[in-house]
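*Asks:* Structure for the following, please:
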Amino acid sequence: LYTVAINEDGGRFDSLKLQKYSETVSPDSPRKEVIHTPEGVGTLLLGTLDNSIPGLRNARFVAQAEGDVINVANGSAQLRLVWSNSEGVVIERSYGFSADSYLIKSAVTIQNRSNAPIKDNVFIALRQNAPENKNTYAFEGPSGYIDDSLNQIKIKKIEDNPTTTGLTQWVAIEDRYFINSVLPQEAVDGSMGLSLRDGVLESRLTW
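*Replies:* Down below sits the predicted model:
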């Protein structure tokens, strides 16, 4: 269904191309790319609000896999990426892929083997180039389903609405035809945090 490029820097996604969709109607059109960020930025970033885990911001995870390519023609497969710092904190990011679904399972495990407690909130951040076309009837931008209400924040309103807090079922970034989203297994008491820097839109699910 798709080809995804995962970077050990942060365990982020750098590219996701859909096999059954094309960029244009041209017969030689490339596959549809649904991740659009500057080189080295990517999406699905992991972090903590107060940066309480030393080194996590620039963490380079190590993929626990044989070879650089995982083919999932049938059934399912999992990729594990592990990082640790000198203080004894070990973080594992795992992704589960299924041959018959666009949903990608994501899990984060934090083991604190240091002598200090970690008192912080964890976030997963989606990133995407901010939409350029402002003359469209279709909504493009960040959205979230919070406290049983759909919140769609216009790009020009992000400064006025940087954080929406409540029982969060999902956060997303929408473009005209596709949507990238983070969906917790169960709704979490958290927030959707938004920012726009250098033309890159960020939407964080924090809990």
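*Asks:* Now the terminal residues of stretch 174-184, how far apart.
*Replies:* By C-alpha to C-alpha, to the nearest Å, the extent of stretch 174-184 from end to end equals 18 Å.
*Asks:* Show me which residues of it are buried.
*Replies:* 174-175, 180-182 (16 or more other C-beta atoms under 10 Å). To be clear about C-beta, it is placed using only N, CA and C from the backbone, and glycine gets the same treatment.
*Asks:* from the chain's centre, how far out does it sit?
*Replies:* 10 Å (C-alpha atoms, centre = their mean, to the nearest Å).
*Asks:* so where do the helices sit in the chain?
*Replies:* With DSSP state H, there are no helices along the chain.
*Asks:* Nearest residue to the middle of it?
*Replies:* The C-alpha lying nearest the average C-alpha coordinate of the chain belongs to residue 44 (C-alpha atoms, centre = their mean; 2.2 Å).
*Asks:* Residue 188 contacts residue 166, correct?
*Replies:* No - Residue 188 is beyond contact range of residue 166, at 9.9 Å (criterion: C-beta atoms under 8 Å).
*Asks:* Neighbour count for these two, which is higher?
*Replies:* residue 166 (18 against 14; other C-beta atoms under 10 Å).
*Asks:* quick one, what contacts the more buried one?
*Replies:* Residue 166 makes contact with 146-147, 189, 191, according to C-beta atoms under 8 Å, 6 or more residues apart in numbering.
*Asks:* sorry, back to before: for the residue nearest to the centre of the chain, what are its contacts?
*Replies:* 11-13, 106, 124-126, 182.
*Asks:* now do residue 12
*Replies:* Going by C-beta under 8 Å, 6+ apart, the list of residues near residue 12 reads 6, 42-45.
*Asks:* measure residue 107 to residue 183 for me?
*Replies:* Residue 107 sits 13 Å away from residue 183, going by C-beta to C-beta, to the nearest Å.
*Asks:* what does residue 2 give?
*Replies:* Distance from residue 2 to residue 183, by C-beta to C-beta: 17 Å.
*Asks:* Residue 44 too?
*Replies:* 12 Å.
*Asks:* sorry, back to before: so of the contacts of residue 44, which ones are in strands?
*Replies:* 12-13, 106, 124-126, 182 (DSSP state E).
*Asks:* Give me the buried entries from those.
*Replies:* Among the ones in strands among the contacts of residue 44, those classed as buried by 16+ other C-beta under 10 Å are 12-13, 106, 124-126, 182.
*Asks:* what's the pLDDT at residue 173?
*Replies:* You'll see residue 173 listed with a pLDDT of 98.
*Asks:* Was I right to think it contacts residue 131?
*Replies:* No - with contacts counted by C-beta under 8 Å, residue 173 stays clear of residue 131, the gap being 9.3 Å.
*Asks:* between the two, which one's more packed in?
*Replies:* residue 173 (27 against 18).
*Asks:* residues in contact with the residue nearest to the more buried one when sequence neighbours are not counted?
*Replies:* Distances taken as C-beta to C-beta, 6 or more residues apart in numbering put residue 128 closest to residue 173, at 4.6 Å, once the chain neighbours are dropped. With contacts defined as C-beta under 8 Å, 6+ apart, the neighbours of residue 128 are 35-37, 43, 173, 175, 180, 200-201.
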